[in-house]
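Trainee: just to be clear, the model below is a prediction. Sequence and coordinates:
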Amino acid sequence: MHVLVLPSWYPTTEAPRTGIYFAEQVQCLQAHGLQMGVVYPEQQSLRRASWSALRQKRWQTEWTDHFGIPTLRQYGWNVWWRFPPGQRLRVRAAVRLGRQYVARHGVPDLLHAHSARWAGAAAARLGDELEIPYVLTEHFSGFQKPNGIFPWRWPLVEAGFHGARRIAAVSTALREAIASHGLALADEIAVQPNPVRTSFFTLPPERRSPPPPRRFLTVARLRPLKNISELLDAFATAFGASRVATLTIVGDGPERGTLKQQADRLGLTDQITFRGALDRVGVREALWNAHAFVLPSHHETFGVVLIEAMATGLPVVATRCGGPEDIVTPETGRLVPPDNNQALAEALRTMHRTHDTYDAASIRASALDRYGPEAFVRRTRDFYQRALPG
């Protein structure tokens with residue numbers, strides 16, 4: 001099977017982690033025998049512009065073998081920012097790239113658009129031109145938020161959903177949100193979770209050192225959506241100034257300075273460590289060194305980091321904020337209401353007390369069974385086959 005992928009966002013030189021899961025999905029499918037390709041009209045944020053970057057990226061088109069995947073890019077800048085012309089121009093650019101891809105690699109059997117923010121509309125137009133079907137997987141959290149989608153974007157969104165042969169969402173909560181907008185019936189939307197690199201995120205090579213103290217860990221971009229401020233308050237409520245537990249925060253972002261000041265005010269300076277942003281090797285080592293993982297977000301469309309933690313055998317505490325409800329079970333951790341300091345503090349205390357009752361091998365097995373590469377490829381092949389004619 002030959003599939004051409006159109007992602008609404010994708011890794012770039014300036015933002016190499018943005019949409020990395022799209023690239024890893026394509027890599028996974030390619031490794032399991034599918035012929036894959038990607039076209040991406042890059043529109044880099046002007047906030048990342050420099051004289052060097054502007055000289056290197058001047059709207060030129062280039063073939064690359066990025067991530068080992070045949071990829072055709074147009075390098076550009078988001079001059080129009082959030083205004084309608086920018087997205088319409090992006091749809092047209094994606095269709096032009098699709099034509100060039102076909103001239104080199106032939107007509108694919110299927111197009112796969114990731115998110116209807118604009119890629120769905122591009123797939124609809126290119127699919128009509130090539131007379132092939134397309135499928136749409138939605139990842140965008142805006143569907144779950146009031147006014148999360150700009151009004152002028154709705155025609156593109158509706159075009160993407162209307163013509164898709166099959167539709168998927170990465171979580172049950174996102175599926176229900178899409179249905180609530182009248183874009184498709186809930187029973188017409190498959191739940192297709194993202195895969196996790198379970199061959200990389202493994203059980204630690206040596207048994208985790210026993211407490212005390214009990215070592216909690218969170219990995220997140222330090223911005224309001226991730227709700228780390230409430231985690232600090234809940235940690236203080238749960239453990240006070242005692243030394244029975246520590247919290248390591250991996251990640252960077254605009255709230256880092258404010259959060260450090262909050263930790264100081266709460267008297268937690270000796271118990272909380274801010275590690276900053278780490279590469280994947282660093283994140284894996286932090287997971288290997290922890291006893292439990294915490295994700296206190298206001299909202300998560302999916303929650304890849306939870307599964308990465310579980311793949312290393314960690315029990316997790318997470319808020320019921322969308323994606324985690326599909327991931328966390330009583331055998332793998334605890335779910336609490338979002339924006340509830342007392343409930344989060346109680347979950348931390350309970351995890352501190354019951355950590356030893358969780359079985360690391362069983363937690364990892366749960367992650368592999370549901371989110372490992374084999375399960376992902378099996379679901380995706382079936383998703384594609386159902387979209388093909390005949």
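Mentor: Good, I have the coordinates.

Trainee: nearest residue to T301 other than its sequence neighbours?
Mentor: Excluding its sequence neighbours, the residue lying closest to T301 (Cβ to Cβ, 6 or more residues apart in numbering) is S141, at 4.3 Å. Any C-beta I mention is one placed from the backbone N, CA and C, and that applies to glycine too.

Trainee: my bad, should have said R125
Mentor: Nearest one to R125, counting by Cβ to Cβ, 6+ apart, is V95 at 5.3 Å.

Trainee: ok, now L225?
Mentor: Using Cβ to Cβ, 6+ apart, the closest residue to L225 is H298 (5.5 Å).

Trainee: list the contacts for the one you found?
Mentor: H298 makes contacts with 224-227, 319, 321, 338-339, as judged by Cβ atoms under 8 Å, 6 or more residues apart in numbering.

Trainee: sort out which of these are buried, if you could.
Mentor: Buried members of the contacts of H298, counted by 16 or more other Cβ atoms under 10 Å: 226-227, 319, 321, 338.

Trainee: quick one: buried residues of stretch 335-355?
Mentor: Those would be 335-336, 338, 340-341, 343-349, 351-352, 355, for stretch 335-355 by 16+ other Cβ under 10 Å.

Trainee: residue ranges in the stretch 1-150 of the chain under the pLDDT threshold?
Mentor: 45, 48, 79-85 (pLDDT under 70).

Trainee: contacts made by the helix or strand containing F274 with the rest, please.
Mentor: Following DSSP states H and E, one finds F274 within strand 272-276. The contact list for strand 272-276 (Cβ under 8 Å, 6+ apart) reads 232, 235, 246-252, 256, 259-260, 263, 282, 286.

Trainee: which single one of the residues you listed is nearest to Y21?
Mentor: G251 (16.8 Å; Cβ to Cβ).

Trainee: show me the contacts for the closest one.
Mentor: G251 makes contacts with 218-222, 226, 275-277, as judged by Cβ under 8 Å, 6+ apart.

Trainee: export those to TSV and tack on pLDDT and distance to T202?
Mentor: Listed next are the contacts of G251 as TSV, based on pLDDT from 0 to 100; distance: Cβ to Cβ, whole Å:
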residue	pLDDT	distance to T202
T218	98	20
V219	98	16
A220	96	22
R221	93	24
L222	96	27
K226	96	25
R275	97	21
G276	96	24
A277	94	22
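
Trainee: which of those residues count as buried?
Mentor: 218-220, 222, 226.

Trainee: quick check: buried residues in the host helix or strand of V3?
Mentor: Applying DSSP H and E as the criterion places V3 in strand 2-7. Neighbour-count burial for strand 2-7 flags 3-7 (criterion: 16+ other Cβ under 10 Å).

Trainee: having no further points to raise, I will conclude here.
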